[in-house]
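Student: just the structure for this:
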Amino acid sequence: SVDAMGRFYLDQSKTPLEADALAFALQAAVEKDPDRTVLIRGDRHIDYGRMMEAMVLLKQAGVSKIGLMTENVD
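Tutor: Numbering: from 1, shown residues only. Below you'll find the predicted structure:
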């Protein structure tokens with residue numbers, strides 16, 4: 001996830017990760033399950049570039065299946 005402040009989170013963790021720590025954790029996950037699909041949830045107020053940065057980190061970690069999570073708009 002990427003929160004409104006542009007901080008990265010992995011899974012349901014409440015502790016933000018720096019980009020290098022996130023990349024390391026993603027690489028470990030990909031080694032365990034190379035076919036894993038990773039979904040990114042981004043706050044609607046973040047800069048688009050920060051979301052792209054998250055996607056680049058995923059690609060560099062070897063993730064080949066990336067999806068974006070959305071929320072319903074009422």
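
Student: on contacts alone, who are the packing partners of the strand or helix carrying Val38?
Tutor: Element membership for Val38, per DSSP states H and E: strand 37-41. Under the contact criterion of 3 or more Cβ pairs under 8 Å, 6 or more residues apart in numbering; DSSP states H and E, strand 37-41 touches helix 48-60, strand 65-69. C-betas here are computed from N, CA, C, even on glycine.

Student: same question for that strand, mean pLDDT?
Tutor: Across strand 37-41, pLDDT averages out at 92.

Student: buried set for that strand?
Tutor: Neighbour-count burial for strand 37-41 flags Val38, Ile40 (criterion: 16 or more other Cβ atoms under 10 Å).

Student: what comes into contact with that strand?
Tutor: Strand 37-41 has contacts (Cβ atoms under 8 Å, 6 or more residues apart in numbering) with 1-2, 26, 29, 51, 54-55, 58, 63, 65-69.

Student: can you state the direction angle for it and strand 65-69?
Tutor: Per axes from the mean of the first three to the mean of the last three Cα atoms, to 10 degrees, the angle that strand 37-41 makes with strand 65-69 is 30 degrees.
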